[in-house]
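# Return a 3D structure for these sequence lines:
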Amino acid sequence: MKIGIIGLGRMGRCLVQGLIESSTFKKSEIFFTTKHADTAAKVREELGIENCDSNRDLVEKCDLIVLAVKPQNVAEVLGDVSGRFKGDRTLVSIVASISTAQMEGILGKGVKVLRAMPNTPAFVREGITAMCLGSHATEKDWERGALIFKPVGKLVRVDERHMDAVTGLSGCGPAYIYVVLESLTDGGIKVGLP
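Residues are numbered from 1 along each chain as shown. Prediction:
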């Protein structure tokens, strides 16, 4: 099985590193796309994985596709690859606030979509990811999606109706708590604590 990641920002990179460290996928089975050529060169050098020339090429080459772009870019990116999700391909989105129904509407009938929300503790392999199935996704797709997130922490299954709450609470919450702790540390140093 081959995995492709569309958009290799911080979380996309985190997931790739988890997959490589855990030996879930070989480097030769992981592909990516990114908007910027300099970023692609840097990722190839740092992670040892190959980029595809386009999102279309990536979808045609891979069985499991992770969508890791900004919400405002989803319609454009999915519109570009619409019609390419043939056979047994699964899309896993980590994009905040875009429902499986919205993605299915762009991609067309029958496409298997999962929606997931990892959180920042994934960077230290202690994350909690919530994931739900779209209307055409099966248990096989769930198992495929689980391969991506288990190397970076725990995985829980939720109903789609809870995903926005998960995004706001557990998706962003750890980062806000970190800011509070960092501020307390800075305050202690400012008043003279070693």
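
# Need the contact partners of the host helix or strand of V77.
Using DSSP states H and E, V77 falls within helix 74-81. Contact with helix 74-81 is made by 6-7, 54-56, 59, 67, 69, 93, 95, 98, 102-103, 106-107, as judged by Cβ atoms under 8 Å, 6 or more residues apart in numbering. For every residue, glycine as well, the C-beta is placed using N, CA and C.

# Helices of this protein, start to end?
Remark: helices assigned in the chain by DSSP state H are 10-21, 37-47, 55-61, 74-81, 100-107, 139-149, 163-166, 173-190.

# Please convert the ones you listed to CSV, extending it with mean pLDDT, mean neighbour count and distance to A122.
Compiled in CSV, the helices of the chain are given as follows (pLDDT from 0 to 100; neighbours: other Cβ atoms under 10 Å; distance: least, Cβ to Cβ, whole Å):
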stretch, mean pLDDT, mean neighbour count, distance to A122
helix 10-21, 95, 20, 5
helix 37-47, 92, 13, 16
helix 55-61, 97, 18, 22
helix 74-81, 97, 17, 21
helix 100-107, 97, 18, 21
helix 139-149, 97, 18, 8
helix 163-166, 92, 18, 14
helix 173-190, 89, 11, 9
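
# Need the ones you listed in TSV (columns: distance to L155).
Listed next are these as TSV, based on distance: least, Cβ to Cβ, whole Å:
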stretch	distance to L155
helix 10-21	12
helix 37-47	23
helix 55-61	24
helix 74-81	23
helix 100-107	17
helix 139-149	5
helix 163-166	12
helix 173-190	16
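
# of all those helices, which lies closest to A130?
With Cβ to Cβ as the measure, helix 163-166 is the member of those nearest A130 (4.2 Å).

# Name the residues of stretch 110-128 that come out as buried.
111-123, 127-128 (16 or more other Cβ atoms under 10 Å).

# Report the separation between the two terminal residues of that stretch.
End-to-end distance for stretch 110-128, by Cα to Cα, to the nearest Å: 29 Å.
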